[in-house]
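Visitor: prediction below, plus the sequence it came from.
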Amino acid sequence: MERARFSLAVINLVCFAVLCSAIESPQYTVVHKESDFEIRLYRDSTWMSAPVKEISFEKATKIGFHRLFQYIEGANLNFSRISMTKPVLTSIVPGAGPLHSSAYFVRLYLPVKFQATPPLPLPELNLKPDSWSSWCIAVRKFSGFAKDENIVEQAEKLSISLSKSPWADSASSTSEYAYSIAQYSSPFKLIGRVNEVWVELKQSAVDGCKSSGFATI
């Protein structure tokens, strides 16, 4: 059992390492920028999503990414090899996990080649494609490793920044996710790591994510 766990851990690390050579990412426009956060307008996009019921964010991300890696390596009904993209996005769903803990969706953006017609994943992987319409998000960057111990702190910092901006109280009430963590770096990269906290906003993408509020002091 321990050997199997060790092997899975090694596979996950090697798989995650391909992030360093990732090329394609979802397209967006920065509509507002502050020193500690920015507002982005993302274009329509399709992602492959892995639901994971786990208490730990770190474990959930590794489990979900392992299934997604099998998918892009050919575990789909077309036996298609799909290029790695970035980021690996882990969305937190409060109260949907064991004992009312968080549950997670781990996602990979699909390359432009497969945006319109994603290859269907093998059923045993328990994956599904998610098509997202153009949407507005608030983003905070942070370095180091994204861990159970620091992601909540980073999300709180973004919330505080937003509360002092024209986007106060703009977090979407219709989103099923509290926030998402986007990871762009290989686990073997120790310096210059890039992570982001994403929070969906209720502003309309049609209006260019314009705020309707006023900054507070």
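Guide: That came in fine, so what should we check first?
Visitor: now do the SS call for the spatially most central residue of the chain.
Guide: In the chain, the centroid-proximal residue (Cα atoms, centre = their mean) is Leu89; its distance is 1.7 Å. Three-state assignment for Leu89 (DSSP: H, G, I helix; E, B strand; the rest coil): strand.
Visitor: quick one: contacts for it?
Guide: 47, 106-109, 180-183, 198 (Cβ atoms under 8 Å, 6 or more residues apart in numbering). Yep, even glycine has a C-beta here, placed from its N, CA and C like the rest.
Visitor: spatially nearest residue to it (excluding sequence neighbours)?
Guide: Spatial nearest neighbour of Leu89, chain neighbours left out: Arg107 (4.5 Å); criterion: Cβ to Cβ, 6 or more residues apart in numbering.
Visitor: strands paired with the strand or helix carrying the one you found, and their directions?
Guide: Under the criterion of DSSP states H and E, Arg107 resides in strand 103-109. Partners of strand 103-109 in the sheet, by DSSP bridges, are strand 45-52 (antiparallel), strand 88-93 (antiparallel).
Visitor: got a list of contacts for that strand?
Guide: 24-26, 45-54, 57, 60-61, 63-65, 67-68, 72, 84-93, 96-97, 130, 177.
Visitor: distance from the chain centre to it, please.
Guide: Centroid separation between strand 103-109 and its chain, computed with Cα atoms, centre = their mean, to the nearest Å, is 6 Å.
Visitor: what comes up buried for the helix or strand following that strand?
Guide: Downstream of strand 103-109, the first helix or strand assigned by DSSP H and E is strand 128-132. Across strand 128-132, burial judged by 16 or more other Cβ atoms under 10 Å covers Pro129.
Visitor: ok, strand 128-132: who's next to it in the sheet?
Guide: strand 45-52 (antiparallel).
Visitor: contacting residues around the strand it pairs with?
Guide: 26-27, 60, 63-65, 67-68, 71-72, 89, 103-110, 114-116, 118, 121, 125-132.
Visitor: could you give the bridge partners of Arg140?
Guide: Beta-bridge partners of Arg140, as defined by DSSP bridges: Val197.
Visitor: how many neighbours does it have?
Guide: Using other Cβ atoms under 10 Å, Arg140 has 22 other residues around it.
Visitor: need the helices for this protein, in chain order.
Guide: Remark: helices assigned in the chain by DSSP state H are 2-17, 57-72, 151-163.
Visitor: can you tell me which of those helices has the worst average pLDDT?
Guide: Among the helices of the chain, helix 2-17 carries the lowest mean pLDDT, a mean of 49.
Visitor: how close does the residue nearest to Leu89 sit to Glu73?
Guide: 17 Å (Cβ to Cβ, to the nearest Å).
Visitor: same question, Ser185
Guide: Ser185 is 21 Å from Glu73, where distance means Cβ to Cβ.
Visitor: so which of those two has more stuff around it?
Guide: Ser185 (24 against 15).
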